[in-house]
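1. what's the 3D shape of this:
(one chain, ligands or ions: 1)
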Amino acid sequence: MAKVSVGLRGWRFEEAEIFDEDGEFKPLEEIPDDASERLVRLLALVEEPCDACYLVHGEAEISNCRPAEIVYGEPGAEVLLCGVHEPDFLYWFREEGGSELKGTAELQDAFHEWFADGNRAPDEYGGLEHVETAPEELPEPPSPQEIQERLDAQREEHRIDIKALAESGSAEE
Ligand SMILES: [Zn+2]
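-> Numbers count the residues shown, from 1 in each chain. Model prediction:
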């Protein structure tokens with residue numbers, strides 16, 4: 001099965017888990033929990049700055065931070081990176097023991113501390129190629145707004161279902 005990214009690179013989804021046969025987003029209740037949790041979490045992340053930029057510039061100079069392009073880690077304990085800082089994370093992950101924290105919430109703090117201490121990938125580490133699936137063959141990823149609207153619509157449908165149930169229930173009395 002093909003793997004795809006949505007919104008930010010890094011987290012990968014099984015294409016068949018999140019898209020239907022027509023290439024449309026599936027309703028969230030048909031998406032496995034892990035994938036839907038990440039999709040919803042992405043809503044909050046796509047507007048965020050790169051963590052490493054933020055550690056360099058801080059809140060006072062947040063306008064100097066590049067937007068996040070890549071997300072690693074677990075939902076709720078992510079590391080967000082711009083293209084410039086991704087090699088620092090990859091170096092830490094592969095060469096500085098970061099991979100031992102794979103799948104844990106400690107990964108985020110551990111990378112932040114390593115970076116805040118002034119550690120960086122060696123210069124030559126920047127030339128790594130990313131593995132990308134062919135984007136032109138994929139459905140257009142929805143915008144965060146589209147995902148939000150879909151969530152709202154589903155909540156609304158749910159409410160109508162409950163209401164109908166409640167009404168039919170009282171009619172039988
Ligand atoms: Zn950055």
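
2. can you list the buried residues in stretch 9-27?
-> 9, 10, 11, 13, 15, 17, 18, 19, 25 (16 or more other C-beta atoms under 10 Å). Every residue, glycine included, has its C-beta placed from N, CA and C.

3. so what would you say the end-to-end distance of it is?
-> 22 Å (C-alpha to C-alpha, to the nearest Å).

4. likewise for stretch 84-102?
-> Between the start and the finish of stretch 84-102 there is a gap of 22 Å, counting by C-alpha to C-alpha.

5. report the buried residues of it.
-> Counting neighbours by 16+ other C-beta under 10 Å, one finds that the buried residues in stretch 84-102 are 85, 86, 87, 88, 89, 90, 91, 92, 93, 98, 101.

6. what's the closest of these to the ion?
-> residue 85 (3.6 Å; C-beta to the ion).

7. quick one: contacts for the nearest residue to the closest one once chain neighbours are set aside?
-> Ranked by C-beta to C-beta, 6 or more residues apart in numbering and with sequence neighbours excluded, the top spatial neighbour of residue 85 is residue 52, at 3.7 Å. When the contact criterion is C-beta atoms under 8 Å, 6 or more residues apart in numbering, the partners of residue 52 are 81, 82, 85, 88, 89, 115.

8. for the protein, what are the low-confidence residue spans?
-> Applying pLDDT under 70 to the predicted model, the residue ranges of the chain that meet it are 1, 126-144, 154-173.

9. which residue is nearest the centroid of it?
-> When the chain is reduced to its mean C-alpha position, the closest residue under C-alpha atoms, centre = their mean turns out to be residue 42, at 4.0 Å.

10. ok so residue 10 is a strand residue?
-> Yes: going by DSSP: H, G, I helix; E, B strand; the rest coil, the assignment for residue 10 places it inside a strand.

11. any idea how far residue 72 lies from residue 34?
-> The gap separating residue 72 from residue 34 is 16 Å, by C-beta to C-beta, to the nearest Å.

12. am I right that residue 38 is in contact with residue 11?
-> Yes: with contact taken as C-beta atoms under 8 Å, residue 38 and residue 11 are classed as touching, separated by 5.3 Å.

13. near the ion, which residues of the chain show up?
-> When proximity is defined as C-beta under 5 Å from the ion, the chain approaches the ion at 50, 52, 53, 66, 82, 85.
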